[in-house]
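A.B. asks: Let's see this in three dimensions:
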Amino acid sequence: MGGQVSESKVIDSFELRIEDVDSVDIEQLHALSISVGWPLRAEDLKFLREFGRGYVAIDEIGRVTGSAMWFPHGEDFATVGMVITSPRLQANGTGQWLMQHVLADCQGRALRLNSTRAARRLYDSLGFQPIKTVYQCQGVVHLPAETAMGPEGTTVRPLGAADLPAVVELDARAFGVARDVLIGKLFPQSVGYGLFRDGALAAFALCRPFGRGHVVGPVVAADDAEAIAVVRPHVLDHAGSFLRLDSHRAGGAFASFLSDAGMPVFDTVLTMFLTPKGVEAKAAATEGTVTYALVSQALG
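C.D. replies: Model prediction:
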């Protein structure tokens, strides 16, 4: 497991061992995420584990003290997430040890992740390069006054099962990599709205239960007006409730709409990438389509 990386590590006179992330109870992963203040539900972790692969560090009495996961999109690209070490071990190299196992598994793949400030030094040391900032926008929402319904000549309606192929195609154009398996898993547990022009899907936004309430993502659109038009119904659906959206958009009409709707910037992370020598860079959007909101920080 994990190529030539050591299967055990001595930390401050006690030994950790590496195990597959599927080998531990979801409650143990949940406790680990809570220990670092991540507001994930057990259901969120189950979804990540069903879709992804990875490792946990286990101490001598069976406690989960760290984790690292990766999420494949095709054969040559993956996102990395759920990289957590318990607070008492964060300065002892446990995170790097876990990441070495992930990197061994992902040889030949271009990788992308979203780094917290605390983890930036770790990813720098592994060769990851910064791309751009992610703005974590969240709060109890309300629909701002005078919000436009959508650009002229378009209609916005709920998405159904028959729209899934068009959603997968549009997401791939925006993200730069086909994520048909991920979108296929998200779609049944999400409410979606799509913007249609001349009968064709031009923009969409999915929303699902996550963390402290619901999260909107992914959102794909060609411009701010389209993005606002497909996020607007979700804000209306969840008025008075907690909503979150993670976006690379730093300003403009879309960012203003989120703030006016009760989702100001709460925190930021940094998107980073690692492209192995000889591997073509991935996840470059097709011109004209933009990922306005991530699925999540772990999944991109």
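A.B. asks: quick one: the helices in this protein?
C.D. replies: 26-35, 42-51, 94-105, 120-125, 164-175, 180-186, 224-237, 252-260 (DSSP state H).
A.B. asks: Provide a list of residues in contact with Thr155.
C.D. replies: Leu195, Phe196 (CB atoms under 8 Å, 6 or more residues apart in numbering). To be clear about C-beta, it is placed using only N, CA and C from the backbone, and glycine gets the same treatment.
A.B. asks: which strand residues sit across from it in the sheet?
C.D. replies: Phe196 (DSSP bridges).
A.B. asks: show me where pLDDT drops low in this structure?
C.D. replies: Within the chain, the segments meeting pLDDT under 70 span 1-4, 6, 8-14, 89-91, 277-287.
A.B. asks: hmm, try it at 50
C.D. replies: Scanning the chain for pLDDT under 50 picks out the ranges 1.
A.B. asks: Where does the record place the domain boundaries for it?
C.D. replies: 8-107, 136-293 (automatic domain parsing).
A.B. asks: Mind listing what's buried along stretch 25-43?
C.D. replies: Buried residues in stretch 25-43, counted by 16 or more other CB atoms under 10 Å: Gln28, Leu29, His30, Leu32, Ser33, Trp38, Leu40.
A.B. asks: How about stretch 184-202?
C.D. replies: Leu186, Phe187, Ser190, Val191, Gly192, Tyr193, Gly194, Leu195, Phe196, Leu201, Ala202.
A.B. asks: how about the closest residue in space to the first one that isn't next to it in sequence, what does it touch?
C.D. replies: Yep, that's Leu186 we're talking about. Leaving out its chain neighbours, the residue that sits closest to Leu186 by CB to CB, 6 or more residues apart in numbering is Leu206, at 6.1 Å. Taking CB under 8 Å, 6+ apart as the criterion, Leu206 is in contact with Leu159, Val167, Leu186, Phe187, Ser190, Val191, Gly192, Val216, Gly217, Pro218, Val219.
A.B. asks: pretty sure the first one contacts Phe204?
C.D. replies: It stands for Leu159. Yes - the pair Leu159 / Phe204 is scored as a contact, 6.4 Å apart, by CB atoms under 8 Å.
A.B. asks: ok, which stretches of the protein are strands?
C.D. replies: Counting by DSSP state E, one finds strands in the chain at the ranges 8-11, 14-20, 53-58, 64-72, 77-85, 110-115, 129-140, 154-158, 191-197, 200-210, 213-221, 242-247, 265-274, 290-293.
A.B. asks: how about those, which one is nearest Arg173?
C.D. replies: Arg173 lies closest to strand 213-221 among those, at 7.8 Å (CB to CB).
A.B. asks: For that closest one, C-alpha coordinates in CSV please.
C.D. replies: Output of strand 213-221 as CSV, limited to C-alpha atoms (Å, rounded to 0.1, in the frame of the first residue of the first chain):
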residue,chain,number,x,y,z
GLY,A,213,-26.7,23.5,6.3
HIS,A,214,-26.5,23.3,2.5
VAL,A,215,-23.8,24.0,0.0
VAL,A,216,-24.3,25.4,-3.6
GLY,A,217,-21.9,23.8,-6.0
PRO,A,218,-20.8,23.2,-8.6
VAL,A,219,-22.0,26.3,-10.4
VAL,A,220,-21.1,26.6,-14.0
ALA,A,221,-21.9,29.7,-16.2
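A.B. asks: picking up where we left off before, counting neighbours, go ahead and name the busier of Leu159 and Phe204.
C.D. replies: Phe204 (25 against 20; other CB atoms under 10 Å).
A.B. asks: Beta-bridge partners for that one, please?
C.D. replies: Those that pair with Phe204 in a beta bridge, by DSSP bridges, are Gly194, Val220.
A.B. asks: show me what contacts it?
C.D. replies: Taking CB under 8 Å, 6+ apart as the test, what Phe204 contacts is 159, 163, 167, 170, 192-195, 218-221, 230.
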